[in-house]
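Student: the amino acid sequence is not available; the structure is as follows:
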Ligand code: FAD
């Protein structure tokens, strides 16, 4: 079979980059249609400004921004001319708090206290209680209860792109995610075992020296962090990580792939500080992605993983009630959902989740894996830029939903649909849309680099 085993890299031998790219070119129009043309999937409710802010370190030390720090963060972008800093970056000023289905929400049937949902009552119709949490959740779910604090956000009006958020605050968040939540203290895999040999296009002939040197330094640092944290773990010395740390490797790849996708978007939709235009920034791409093929590999890995989750949940969504309050819209939404799920199912065995949590320490790792992923979702409250936090939270929730579908539900054994909240579904499909547009952007970037090389 040609499944992308969690053990494997995305390699040419099997489900290659080009296989995934071809799939993406077919499915992407449906994904865009779903996430951009339906109310259900283009509004997301979340608590963007959690009381207490960052739960992991003291907000007062200035390292982690909260609402007040948001303006500070943007003001520190000294290179951005004021005139369009206000006009363009001003759009970061948070969500639009309205939702077309809000009135209808009040009339929705309430969740029965116990037992199954009523006939024709989909999970999406249910207004959830505060803090309701399923032990199978991989992230802290956003809830839509009327009492919960949160806003509806138009994802279309707040696109993920360059924001200028950088420096200590951003570093601290990524650091916390990689260091504290990636099993590094116990037995973090060596970079070489992470499938980093899959190079989409070798950068060898490419001579952007300054960028190269800088990227080289970064890569070394990245490896030092990873090697350093496992250096004292003698149990791993000489052992093949292939069998030893499968789940941990997958965890790392999911995080790194998400990070790579965020980087791709900020490079693709970048604010040219000279012209004031939003446009692709090739240097940004080279620096953050091209010179780090392992990051690109992890992004493709995530695409395969989420594609599999979407395909797996597809049959369940046939009977899902999309409560938009309008029958025609409901039907149209479902048709668009099925176009995506059926498209995603076109490459069978794209990712084989059945290999995980099986052998060795695998089964005992599941809870740890889940808890660590929940931690990552909590760390998102430490992101000091509202828009980055919005997309960080959404994507963490999206991966959380994907992992839940992959590892907590067996289509053959579990009766009934996985209880996915509306927010989880919205996050899942929008995360897929992010990966999908990242893949397209990477293809474009690669062509730009080739064109630049040819012109030299
Ligand atoms: P960073 O991207 O901050 O990376 C820090 C370090 O992590 C690097 O030095 C490298 O060692 C390592 N690293 C980088 N990429 C990877 C990878 N894929 N895999 C493994 N290791 C890696 N900025 C925006 O402009 N728009 C956004 O929408 C946005 N969203 C964000 C969301 C979150 C959750 C966070 C934490 C930050 C976000 N940022 C966003 C900021 C952005 O991600 C960078 O932090 C910022 O641009 C500074 O980049 P940097 O060059 O310092 O490297």
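Tutor: Good, I have the coordinates. What you see is a predicted model, and the numbers here were worked out from it, not measured in a lab.
Student: and the contacts of stretch 330-348?
Tutor: Outside stretch 330-348, the residues that touch it by Cβ atoms under 8 Å, 6 or more residues apart in numbering are 15, 19, 23, 26-27, 30-31, 33-34, 37-38, 40-41, 307-308, 310-311, 313-314, 317-318, 320-324, 429, 432. C-beta coordinates here come from the backbone N, C-alpha and C atoms, glycine included.
Student: apply 6 Å and report the result again.
Tutor: Stretch 330-348 is contacted by residues 23, 26-27, 30-31, 33-34, 38, 40, 307, 310-311, 314, 317, 322, 324 when judged by Cβ atoms under 6 Å, 6 or more residues apart in numbering.
Student: cool, stretch 297-317 as well?
Tutor: Contact with stretch 297-317 is made by 4, 10, 17, 20, 195, 198, 253, 256-257, 260-261, 337, 341, 344-345, 350-351, 402, 405-406, 417, 432, 435, 438-439, as judged by Cβ under 6 Å, 6+ apart.
Student: in stretch 274-290, which residues are buried?
Tutor: Buried residues in stretch 274-290, counting neighbours by 16 or more other Cβ atoms under 10 Å, are found at 281-282, 284-290.
Student: can you give me the end-to-end distance of that stretch?
Tutor: Stretch 274-290 has its terminal residues 24 Å apart, counting by Cα to Cα, to the nearest Å.
Student: for stretch 164-171, same thing?
Tutor: Stretch 164-171 has an end-to-end distance of 13 Å (Cα to Cα).
Student: which residues belonging to it are considered buried?
Tutor: Buried residues in stretch 164-171, defined by neighbour count with 16+ other Cβ under 10 Å: 164-165, 169-170.
Student: now, which of the residues you listed sits nearest the ligand?
Tutor: Of all the buried residues of stretch 164-171, the ligand sits closest to residue 170, with 3.4 Å by Cβ to the nearest ligand atom.
Student: doesn't that closest one belong to a helix?
Tutor: Yes - Residue 170 forms part of a helix when assessed by DSSP: H, G, I helix; E, B strand; the rest coil.
Student: mind checking how far it is from residue 354?
Tutor: Residue 170 sits 37 Å away from residue 354, taking Cβ to Cβ, to the nearest Å as the criterion.
Student: the ligand contacts on the stretch 251-400 of the chain?
Tutor: Residues of the stretch 251-400 of the chain found near the ligand (Cβ under 6 Å from any ligand atom) are 256, 259-260, 262-263, 266, 295, 380, 383, 387-388, 391-392.
Student: of these, which is the most crowded?
Tutor: Neighbour tally across those (other Cβ atoms under 10 Å): the maximum, 28 neighbours, falls on residue 391.
Student: so how far is residue 312 from that one?
Tutor: From residue 391 to residue 312 the distance is 24 Å (Cβ to Cβ).
Student: spatially, which two of the buried residues of stretch 164-171 are the most separated?
Tutor: With Cβ to Cβ as the measure, no two of the buried residues of stretch 164-171 lie farther apart than 164 and 169, at 11.6 Å.
Student: assign a three-state SS to residue 162, would you?
Tutor: At residue 162 the chain is in coil, as set by three-state DSSP.
Student: that one contacts residue 272, correct?
Tutor: No - between residue 162 and residue 272 there is no contact under Cβ atoms under 6 Å: 9.6 Å.
Student: which of those two has more neighbours?
Tutor: Ranked by neighbour count (other Cβ under 10 Å), residue 162 and residue 272 place residue 162 first, with 19 against 12.
Student: buried residues in the helix or strand hosting residue 29?
Tutor: Per DSSP states H and E, residue 29 falls inside helix 17-37. Residues of helix 17-37 classed as buried by neighbour count (16+ other Cβ under 10 Å): 17, 19-21, 23-24, 27-28, 30-31, 34-35.
Student: list the buried residues of stretch 296-316.
Tutor: Here stretch 296-316 shows 296-314, 316 as buried, counting by 16+ other Cβ under 10 Å.
Student: ok, how many other residues are close to residue 368?
Tutor: 15.
Student: state the helix or strand in which it lies.
Tutor: Using DSSP H and E, residue 368 maps to helix 362-379.
Student: next secondary structure after that helix?
Tutor: Sequence-wise, the next helix or strand downstream of helix 362-379 (DSSP H and E) is helix 386-408.
Student: got any ranges where the stretch 1-150 of the chain has weak pLDDT?
Tutor: 1-15, 58-150 (pLDDT under 70).
Student: what residues does stretch 433-440 touch?
Tutor: Under Cβ under 6 Å, 6+ apart, the answer for stretch 433-440 is 24, 28, 31, 35, 261, 264, 299, 302-303.
Student: distance of residue 18 relative to the ligand?
Tutor: Relative to the ligand, residue 18 is positioned 21 Å away (Cβ to the nearest ligand atom, to the nearest Å).
Student: what's the local residue count around residue 371?
Tutor: 11.
Student: which non-adjacent residue is nearest residue 271?
Tutor: residue 162 (5.1 Å; Cβ to Cβ, 6 or more residues apart in numbering).
Student: now that neighbour, what are its backbone angles?
Tutor: phi -60, psi 130 (degrees, to the nearest 10).
Student: show the pLDDT at it.
Tutor: What the model reports as pLDDT for residue 162 is 86.
Student: wait, what's in contact with it?
Tutor: By Cβ under 6 Å, 6+ apart, the contact set of residue 162 is 266, 270-271.
Student: Throw those residues into a markdown table and include distance to residue 175, secondary structure and pLDDT, thanks.
Tutor: Shown next, in a markdown table, are those (distance: Cβ to Cβ, whole Å; DSSP: H, G, I helix; E, B strand; the rest coil; pLDDT from 0 to 100):
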| residue | distance to residue 175 | secondary structure | pLDDT |
| --- | --- | --- | --- |
| 266 | 18 | helix | 93 |
| 270 | 24 | strand | 90 |
| 271 | 25 | strand | 82 |
